[in-house]
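1. Structure here, sequence nowhere to be found:
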DNA sequence: TTGTATGCGTTATCAC
DNA sequence: GTGATAACGCATACAA
């Protein structure tokens, strides 16, 4: 996939050790407007400290010259960059973009720009990632999750950089935004219990490498125990998140001899894949539940049969994280403590547990 | 969803007009190492210009003090930020994150950081978006698409900022990376033609507001005409991308009286929704095709029945854009001209056109 | 309200 | 190979 540069208007020499004219600076605007550089600076960043007349004159001059402030100089002098760093690993093909969109939008509304680090795979914990952000002078940092090496927190503390952990637990060592996984699990389990389901299965993410998957499974286990239900060992699969993975997992559960009347999936992709596998197998499990709506393209209720879904506030996590950082950066009163459960929507489309016709098997309605 | 700050180690006063000790600077490292500031600077950024002995001494001192370079000062003096801006609208819930991940990874490998602007909806063209990036001193910019107001290009040119357009056409006024939509369409149409399909439908994005959707429809129209096939007006729907939208669109096509034997969908979400609608209606259309795999979670082949899919190199676009910018920034020879078609994978699972049992209706196999 | 002057921390250009 | 020293462009404290 070569690149098109045929009609390339941008093929001019790169502007590094600039040979030609430097770009217009405050001084240029100042001389055109007939004022001092300091006045221009104020007219641009503290409009209310300047007289109406000169302000318009300055603004006009700046406009005529196409003046663009030099952020580096501004940052050097003011000691702030109006920039926030985010470290969000494995980011494409996940639900994180929705969260980052929320973060970015919230920050952008206040003039902040997002510096995004999206390390692939296990590189998220490399010190260099955070360091690169700090060298860029980010005013604050948003991290995914709360499981990070101590050194990361030490570095953050040493640089006195405000930070927030997204999709994390309340007992993390620092500010965090998340939701109550246990409440989400309880909602699901209550729903299934009301429909007389007893033995259930779970297809979720890998608990070894994914803290969110781990919490989700733990919450489910607790809720199930509290209801006197059973989580089938044979129908408990850990896998990557994905449609194909859900398909394969459910296919395996079916092949092993389905001994559950309901299966909970860790997210919508897994669930959709699992449904598809059931369809292929000519089996319909009456209780199919997905915990997380994967993103804004919430397709669970349109599957056949529709899924019961718990909608997680992915985007809201990003927004809230942004609001927290903005508050910190503007010196406002620190936001309240503790993470609370959030909006959970259960679509009650799952049917009641049937009387199995043959042991461990459920046919079409 | 309040925020947890209970065990907050980051709740220290914000480091704005810093009252306490400034963070360690080059001078601090220099005095500890017993050299001049200039030497420290070189030891850190031009290791080969310094003697082995002093270099290690400097590095050790820097390490002991936990020195982190001040990017603002560095940018001011060196006139480069090692930062690249990206403007990618409507970010969550689309295939753009995959592309951005490719861009970010490629840039990060060379020490560049991505400044991400993800304007919601129509705000992508606002001059302020680009301006914010330029003020941050981005060394280069990556844009989504090639349809932007002239002023944007003018601003880019005035600031002599290298830029590249992603998912754009070769005849754009500037460097661009994309793929051949017409070739993708031709691949699909050839496939359907070989299976004797004659009349086909299309469910795609809104051509009024989405340049990619427009190109996709145009490519399809051309390919269909060339093969002597027919694009049914009644089975041509423009909608938002999404599962629900695909569902609704197909439901409408069915309600209007299906007069096609194949339906092409603009992306996998639309296709999956459309399949679901067919399932609900108890109808199976033998030719179901999706043009774009939505992202890495390529679920089309797992649907029932499986979709024939053309896989578009979304991530590769980002990677290639990153490589282009890196080449520009390092003064390398400009990459070759023209956009070429890319890897297209057709999964041949669509069946041949049947002899309709009743006019405009196709039953289950 | 406006002008003046200093400092921000680094790189780069000289000398040595 | 290393040390002074001058920009870099802006914000801001202080003076007017």
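-> Arrived safely, thanks for sending. Keep in mind it's a predicted model, so treat the numbers as computed, not measured.
2. In three-state terms, label residue A:40 for me.
-> Classification of residue A:40 using DSSP: H, G, I helix; E, B strand; the rest coil returns helix.
3. element containing residue A:236, please.
-> Using DSSP states H and E, residue A:236 sits in strand A:230-238.
4. which strands and helices sit next to that strand?
-> On a contact count with 3 or more Cβ pairs under 8 Å, 6 or more residues apart in numbering or on different chains; DSSP states H and E, strand A:230-238 meets strand A:199-204, helix A:211-226, helix A:243-255. (C-beta placed from N, C-alpha, C; glycine too.)
5. what's the closest of these to residue B:312?
-> Residue B:312 lies closest, by Cβ to Cβ, to one member of those: helix A:243-255, at 17.1 Å.
6. quick one: the closest one to strand A:199-204, angle?
-> 150 degrees (axes from the mean of the first three to the mean of the last three Cα atoms, to 10 degrees).
7. now for helix A:243-255, which elements pack on it?
-> strand A:199-204, strand A:230-238, strand A:262-265, helix A:268-281.
8. The same query, at a cut-off of 6 Å, please.
-> helix A:268-281 (3 or more Cβ pairs under 6 Å, 6 or more residues apart in numbering or on different chains; DSSP states H and E).
9. What residues of the helix it packs on count as buried?
-> For helix A:268-281, burial by neighbour count (16 or more other Cβ atoms under 10 Å in any protein chain shown) applies to A:268-280.
10. Tell me how many other residues crowd the residue lying closest to residue A:229 once chain neighbours are set aside.
-> Excluding the flanking residues, the one nearest residue A:229 by Cβ to Cβ, 6 or more residues apart in numbering or on different chains is residue A:198, at 5.7 Å. Neighbourhood size, residue A:198 [other Cβ atoms under 10 Å in any protein chain shown]: 15.
11. Same check on residue A:37?
-> By the criterion of other Cβ under 10 Å, residue A:37 has 14 neighbours.
12. For it, list the residues it contacts.
-> By Cβ atoms under 6 Å, 6 or more residues apart in numbering or on different chains, the contact list for residue A:37 reads A:26-27, A:30.
13. which one of those is nearest DNA strand C?
-> Among the contacts of residue A:37, residue A:30 lies closest to DNA strand C (Cβ to the nearest atom of the strand), at 7.4 Å.
14. Now the strand or helix carrying the closest one: buried residues?
-> Residue A:30 is located in helix A:26-33, with elements delineated by DSSP H and E. For helix A:26-33, burial by neighbour count (16+ other Cβ under 10 Å) applies to A:26, A:28-30, A:32-33.
15. I figured residue A:235 hits residue A:254, correct?
-> No - the pair residue A:235 / residue A:254 is not scored as a contact, 9.6 Å apart, by Cβ atoms under 6 Å.
16. Give me the more crowded residue out of these two.
-> residue A:235 (26 against 20).
17. Tell me the spacing between the more buried one and residue A:104.
-> From residue A:235 over to residue A:104 the distance is 39 Å, taken as Cβ to Cβ, to the nearest Å.
18. Likewise for residue A:79?
-> Per Cβ to Cβ, residue A:79 is found 23 Å from residue A:104.
19. higher neighbour count, these two?
-> residue A:104 (27 against 17).
20. for chain A, where's the lowest mean pLDDT among helices and strands?
-> strand A:287-290 (a mean of 70; mean pLDDT, DSSP states H and E).
21. helix or strand for the closest residue to residue A:32 other than its chain neighbours, which one?
-> Among residues not flanking residue A:32 along the chain, residue A:61 sits closest, at 4.2 Å (Cβ to Cβ, 6+ apart). Applying DSSP H and E as the criterion places residue A:61 in helix A:52-65.
22. which other residues reach that helix?
-> If you take Cβ under 6 Å, 6+ apart as the criterion, helix A:52-65 is touched by A:24, A:28-29, A:32-33, A:40, A:43, A:47.
23. Now these in a markdown table, please, with extra columns for distance to residue B:90.
-> As requested, those are exported to a markdown table (distance: Cβ to Cβ, whole Å):
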| residue | distance to residue B:90 |
| --- | --- |
| A:24 | 34 |
| A:28 | 37 |
| A:29 | 35 |
| A:32 | 39 |
| A:33 | 39 |
| A:40 | 36 |
| A:43 | 35 |
| A:47 | 32 |
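24. Which positions in the stretch 1-150 of chain A make contact with DNA strand C?
-> Residues of the stretch 1-150 of chain A lying close to DNA strand C (Cβ under 7 Å from any atom of the strand) are A:17, A:34-39, A:42, A:49-51, A:53-55, A:73, A:76-77.
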